[in-house]
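Asker: build me a model:
(2 chains)
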Amino acid sequence: MIQTTFRRLASRTDGLAMLLLAGFMGWLATAGNYWMYLNPKFKPVTLTAALVLAVLGGYAAIRPVTRPNLGRSLCYLVLLAMAGLAEGGFQALSANIDSDPFDVAATLPTPEKAPTPARLTQNGKDYIPINTGELHDIAAKGPSPSFDRPFAVRGFVHRSPELDAAGQFVLYRLAVWCCFADGTAVGLRVAFPPDQAPPDDKAWVTAYGTLRPIPEAARKDVAIPGISFSSVAPAALLAADTVETKELNPEEAYMFEWRQEEPYAF
Amino acid sequence: MNALHNLDLFAQATLSIVLEAIPFLLLGSVASGLVEAFVPKDRLERLLPKGRLASTLVGLGLGAVTPCCECGVVYLARRLIGKGVPPGAAVAFMLAAPVINPVSILATLVAFRGDPTMAVWRCALVILAGLVVGYWAGGQKAASLLVPLLTPAPACGCGHDHGPQHDHPTPAGGCSHDHGPKPVSSPGGSPEGSPGATPACGHDHGPRPVAAPSGVAPAAAAATMPGALFGSLADAVPLAAVLPTPRAKIASAMHHALADFLDMAKVLILGSMVAAAFKAYVPVSVVMAMENDLVLAIPGMMALAVILSLCSQADAFVAASFSTFPQAAKLAFLALGPMLDLKLMLMWRQVFTPRLVRVLTFVPAALVFLACCLLGIATGGAP
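Answerer: Sure, this is the predicted structure:
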């Protein structure tokens, strides 16, 4: 009797696993921290896939199409463990470790994104909000009228002795084009104001300033340490009027959108 | 960084790759199931040209208008070959479609800030590889390219391990019966409770008696026909003789889509874990150490493309971030990745013979390596 029940249950493992995965995908796209894995523009794709998966999984749970397979079942268990780890179980353990800044624990439910104002005011001066990816693209194109415009840009700080000596740090964020695994850290150098102490390494800051070309002789490649490939604008830096340390909202650690003109994605 | 910390990054990267690929895998599986259930073999054979070059070019042409990713097309390619599509067309389609479709081309253009050089070179190299491998495959018999069925039980041709309660719902899917818990190798076993008779699909149905399928007329002609090596019994039996209902066809499509999806999902998870482990545990500095040496950079970037197993619609952005690498090395990364990666190799082993897997592995890699070395020398290793 028990053996029969076990066999019946085992033969439905595939269907049940598919239903569980469909549920997880549906939850991520509607109420969960989808942004930690994929660019939110793919939510409709994921939701559609979850629906199709649920239909196929339901069918497989009722009428199994293959025999139970140990290897496949182990894969389901591994995937379940991955979901547990990524969804916070393990982050609690590693929270005190000197972690990669992109390793963020999501706040759930994801807070509503506040609209970005057209200008951010700092010390009585208006700045155009822009993200590091968009500013990186402007910097990469070389001197243009945009170099005279004041920008406000936020991101993580990367410091090194070499950068410190030059009175600079790198400001960067993770650009997620499709999924977290193809994320690239994108940023640019920031020259901090002489009258201000440099921010801590890996701090989350907003820098206010204007772009300035870097002389040919002073151009150097900067790689951001960590798990991500990185792209730091080589030919221009942001000469900061002010650098302001802020509290990080985990949802803002990644960039998902780039615009060529105002209003920028910030 | 340490292993404890990186475990959650590893998990996050694994999940993100799986979640990104599943919609495409589903799309490929569903397309494969629909082809199996609804497309008669003779129709595809009639429609497509027979010549090696012509059929390969048709495969490339189809790839150019089909936005898809590399994970989804493997089973579809197998199904198409099983349905009588010239192997050259199916293989060329499988190799080229992930790169030469409009979505991937646009992504490459955007990643390189509108400069078409990389997109053009990438498409050209992938088309070249698709042409060479497709032309070779066009000269082979389907039986020498697809993994043969191991037991007589699935002689309906679908190629799946039929589960204990798998009531194959339609002749479009091959045979309309339950295969029973233990497939019996004797082809003369008792079918459907009628001792002595041979079932329509040509194999023993095992000990459990099963009700006659609904919506299916008797297929007497099929009783004497051997099970097809590939494709379904519907390929061998004229559809008029079996008359499956639309409902039975849909059920058949779901069965085959499910079986394809389950086969691929396992290797997708394993491949994603390997790629994520590389991402989480191998320092970027190891990769960056190759940037100044063309001889190291090209094979290094090719190896990276294989290991990272990135989606063909996102890899251009990663390649663009290697701003200091020689252009030829970035091209090697972009051209090879969608044709050859860990996930794909695991998937190919499920459905293709070792011979085809070897060709799919080495020929595109060799072509990309040679072309990129020549380009690198011609451009002086310029980034």
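Asker: low-confidence ranges, the chain, go.
Answerer: Since you didn't name a chain, this refers to chain A. Along chain A, the parts satisfying pLDDT under 70 run over A:89-100, A:227.
Asker: meant chain B actually
Answerer: Within chain B, the segments meeting pLDDT under 70 span B:1-5, B:149-243.
Asker: residues in contact with the most centrally placed residue in it?
Answerer: By C-alpha atoms, centre = their mean, the mean C-alpha position of chain B lies nearest to B:Val74, the distance being 0.5 Å. Neighbour list for B:Val74: B:28, B:94, B:264, B:344, B:347-348, B:351 [criterion: C-beta atoms under 8 Å, 6 or more residues apart in numbering or on different chains]. (Glycine included, C-beta is placed from N, CA and C.)
Asker: again, but for B:Leu25
Answerer: Counted by C-beta under 8 Å, 6+ apart, B:Leu25 has contacts B:71-72, B:261, B:264-265, B:268.
Asker: any idea which element it lies in?
Answerer: Secondary structure assignment for B:Leu25, by DSSP states H and E: helix B:3-38.
Asker: tell me how far that helix lies from the chain's centre.
Answerer: Here helix B:3-38 is found 14 Å from its chain centre; the criterion is C-alpha atoms, centre = their mean, to the nearest Å.
Asker: pull out the buried positions in it.
Answerer: B:5-38 (16 or more other C-beta atoms under 10 Å in any protein chain shown).
Asker: cool, stretch B:249-268 as well?
Answerer: B:249-268.
Asker: what residues does the stretch 251-383 of chain B put near chain A?
Answerer: Contacts of the stretch 251-383 of chain B with chain A, taken as C-beta under 8 Å from any C-beta of the partner chain, map to B:254-255, B:257-259, B:261-262, B:265-266, B:269-270, B:273, B:275-276, B:279-280, B:283-285, B:287-288, B:308, B:310-311, B:313-315, B:317-318, B:320-324.
Asker: hang on, the earlier thing: so which of the contacts of B:Val74 is the most crowded?
Answerer: B:Met94 (30 neighbours; other C-beta atoms under 10 Å in any protein chain shown).
Asker: next, the contact list for A:Pro101, please.
Answerer: Neighbouring residues of A:Pro101 by C-beta under 8 Å, 6+ apart: A:156, A:202, A:204, A:226, A:253.
Asker: in which helix or strand would I find it?
Answerer: Residue-wise, A:Pro101 maps onto no helix or strand under DSSP H and E.
Asker: find the nearest non-adjacent residue to residue 116, please.
Answerer: All of this is about chain A. A:Phe266 (4.5 Å; C-beta to C-beta, 6 or more residues apart in numbering or on different chains).
Asker: wait, chain B
Answerer: B:Pro116 sits nearest to B:Leu109 (C-beta to C-beta, 6+ apart), 6.3 Å away.
Asker: may I have the residues that are in contact with that neighbour?
Answerer: Contacts of B:Leu109 (C-beta under 8 Å, 6+ apart): B:115-116, B:119.
Asker: could you do A:Pro193 as well?
Answerer: A:240-243.
Asker: hmm, back to that, ok, the residue nearest to the centre of chain B to chain A distance?
Answerer: Distance from B:Val74 to chain A, counting by C-beta to the nearest C-beta, to the nearest Å: 17 Å.
Asker: doesn't that residue lie inside a strand?
Answerer: No. According to DSSP: H, G, I helix; E, B strand; the rest coil, the state of B:Val74 is helix, so it is not within a strand.
Asker: please see if the longest strand belonging to chain A touches chain B.
Answerer: Longest strand of chain A, by residue count under DSSP state E: strand A:229-245. Yes. Contact of strand A:229-245 with chain B (C-beta under 8 Å from any C-beta) involves A:229-231, A:234.
Asker: which of the residues you listed count as buried?
Answerer: Members of the residues of strand A:229-245 next to chain B classed as buried by 16+ other C-beta under 10 Å are A:229-231, A:234.
Asker: which of these lies closest to A:Ser160?
Answerer: A:Ser230 (12.9 Å; C-beta to C-beta).
Asker: am I right that A:Thr110 is in contact with A:Pro250?
Answerer: No. Contact between A:Thr110 and A:Pro250 fails when scored by C-beta atoms under 8 Å: they sit 9.0 Å apart.
Asker: so which residues of the stretch 101-250 of chain A form helices?
Answerer: Taking DSSP state H, counting those that start in this stretch to define them, one finds helices in the stretch 101-250 of chain A at A:132-140, A:161-165.
Asker: can you add distance to B:Gln140 and give the buried ones among the residues of strand A:229-245 next to chain B back as CSV?
Answerer: Formatted as CSV, these follow (distance: C-beta to C-beta, whole Å):
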residue, distance to B:Gln140
A:Phe229, 39
A:Ser230, 45
A:Ser231, 44
A:Pro234, 50
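Asker: could you count how many residues lie near the spatially closest residue to A:Val104 that is not a sequence neighbour?
Answerer: Once flanking residues are discounted, A:Val104 sits nearest to A:Pro250: 4.0 Å by C-beta to C-beta, 6+ apart. Per other C-beta under 10 Å, the neighbour tally for A:Pro250 reads 18.
Asker: give the contact list for A:Pro250.
Answerer: Listed by C-beta under 8 Å, 6+ apart, the contact partners of A:Pro250 are A:104-107.
Asker: now the buried members of those residues.
Answerer: For the contacts of A:Pro250, a burial check counting by 16+ other C-beta under 10 Å picks out A:104, A:106.
Asker: quick one: the contacts of A:Pro250 as TSV, columns for distance to A:Leu70 too.
Answerer: Output for those, formatted as TSV (distance: C-beta to C-beta, whole Å):
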residue	distance to A:Leu70
A:Val104	36
A:Ala105	34
A:Ala106	33
A:Thr107	38
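Asker: and the contacts of A:Pro250, which is closest to B:Thr361?
Answerer: For the contacts of A:Pro250, the nearest to B:Thr361 is A:Val104 (38.0 Å; C-beta to C-beta).
Asker: list the contacts for A:Ala54?
Answerer: Taking C-beta under 8 Å, 6+ apart, we find A:Ala54 in contact with A:18-19, A:22-23, A:26.
Asker: near chain B too, which of these?
Answerer: Okay, of the contacts of A:Ala54, nothing touches chain B (C-beta under 8 Å from any C-beta).
Asker: among these, the buried ones, what's the ChimeraX command?
Answerer: Remark: buried members of the contacts of A:Ala54, expressed as a ChimeraX selection using 16+ other C-beta under 10 Å:
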select /A:18,19,22,26
